[in-house]
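A.B. asks: Just a sequence and a predicted model for now, questions to come.
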Amino acid sequence: MAQGRSTDRELSVVLDGYSFLECPRWRDGRLWVSDFYTGQVVATDGRGGAEVVAEVPEQPSGLGFLPDGRALIVSMRDRRILVRADSGELSGHADLSGIAAGVLNDMVVDEVGRAYVGDFGFDLMGGEPLRYTALNRVDPDGTVTTVAEDLGFPNGMVILPRGVLLVAETFAARITAFDIDSGGGLRNRRVWAQFGEIPRTTDVEEAVGLLQVAPDGICADAEGAVWIADALHERVIRVREGGEVVDEIHTGTGVYACMLGGGDGRTLFLCTAPSFAEHERRAAREARLLAVRVDVPHGGLP
């Protein structure tokens, strides 16, 4: 893995006092973000103001938007996808409770409204052994189809303009690519970037100690590079296909998701907190949304 330049750009605080922010999405001049343990989805203009746009008692996570503008919201613990009407009312869109092996996680929605959603695969917070899991697709009518298996904690996802789905596999230390076919199926699976050896253990603590990069949330830019929140090393890295690290920004605290947005697409929003463990984050209000300016604007979906 080549190492790119490390930069110490100025980080500004956009939002403060949350529990654990995840899955940021820029949409129509605002950033939407889920706060796990308050059960809120919050929208901000990036200048400090915030509006609670949804309350999800079973813990919100992945966010996306249907072609008509309605929001899709992952409800983690009951393993459902909710849809938010323009009025703000939430209703059921899909039920994955009999399909997903663990609580639902991140999600990306394509241009026709198909949602690709991952799950933990095991009880991470409860101390279960690490298990690999599947990726499911939810069609606009709510039909659920398993489209990929044997993924090491599928986390952040992006869709590049040429119809390539990238999936961050946190416990496999890699970004995996798939071509999306006309029906939404995934084919031509390949490694887009690998960061060191894959941990060959089911012990989570041991695996964490072996990860050179722990890819969590990701976003793409207009050059086809990907910003990756490295969940274990207090940084975001910009990576090209093949694994070359061409930029790095240190945050001084844990960073778990990122999203390019702002008026010109060059503001990189970062979801930060001192740690990710539920017992440390649930009652605390130490999570922040930070922002930093970068050179290359947003690309792809979300």
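C.D. replies: That came through, no problem. Keep in mind that what you see is a predicted model, and the values were worked out from it rather than measured. Residues are numbered from 1 along each chain as shown.
A.B. asks: Run through the helices of the stretch 151-300 of the chain in chain order.
C.D. replies: 204-210, 278-281 (DSSP state H, counting those that start in this stretch).
A.B. asks: Please state the offset of the last one from the chain centre?
C.D. replies: Between the mean C-alpha point of helix 278-281 and the mean C-alpha point of its chain there is a distance of 19 Å (CA atoms, centre = their mean, to the nearest Å).
A.B. asks: okay but residue 267 is in contact with residue 45, surely?
C.D. replies: No - counting by CB atoms under 8 Å, residue 267 does not reach residue 45; the two are 11.4 Å apart. For the C-beta atoms, the positions are set from N, CA and C on the backbone; glycine is no exception.
A.B. asks: which of these two has more neighbours?
C.D. replies: Neighbour comparison, residue 267 and residue 45: the larger count goes to residue 267, with 21 against 13 (by other CB atoms under 10 Å).
A.B. asks: Please report the distance of the more buried one from residue 273.
C.D. replies: 20 Å (CB to CB, to the nearest Å).
A.B. asks: swap in residue 257?
C.D. replies: 10 Å.
A.B. asks: anything in contact with each of those two?
C.D. replies: Residues touching both residue 257 and residue 273 (CB atoms under 8 Å, 6 or more residues apart in numbering) are residue 21.
A.B. asks: more neighbours, the two?
C.D. replies: Each of residue 257 and residue 273 has its neighbours counted (other CB under 10 Å); residue 257 has more, 26 against 22.
A.B. asks: give me every residue that touches the more buried one.
C.D. replies: 21, 22, 23, 24, 156, 216, 217, 229, 270, 271.
A.B. asks: quick one: contacts for the residue nearest to it when sequence neighbours are not counted?
C.D. replies: With sequence-adjacent residues excluded and distances taken as CB to CB, 6 or more residues apart in numbering, residue 257 is closest to residue 217, at 2.9 Å. Contacts for residue 217 (CB under 8 Å, 6+ apart) come out as 22-24, 106, 155-156, 168, 228-229, 256-259, 271.
A.B. asks: rewinding a little: most neighbours out of the contacts of residue 257, which is it?
C.D. replies: Neighbour max across the contacts of residue 257 (other CB under 10 Å) = residue 156, 33 neighbours.
A.B. asks: Touching, it and residue 106? I think so.
C.D. replies: Yes - with contact defined as CB under 8 Å, residue 156 reaches residue 106; the gap is 5.3 Å.
A.B. asks: does the nearest residue to residue 154 once chain neighbours are set aside belong to a helix or a strand, and which?
C.D. replies: Nearest non-adjacent residue to residue 154, counting by CB to CB, 6+ apart: residue 118, 3.2 Å away. Using DSSP states H and E, residue 118 sits within strand 115-119.
A.B. asks: So which residues make contact with that strand?
C.D. replies: Here strand 115-119 has contacts from 62, 64, 72, 74, 79, 81, 94, 96, 100-110, 133-138, 147, 151, 153-155, 157, 165, 167, using CB under 8 Å, 6+ apart.
A.B. asks: what do you get if the cut-off is 7 Å, keeping everything else the same?
C.D. replies: Strand 115-119 is contacted from outside by 62, 64, 72, 74, 81, 100-109, 133, 135-138, 151, 154-155, 157, 165, using CB atoms under 7 Å, 6 or more residues apart in numbering.
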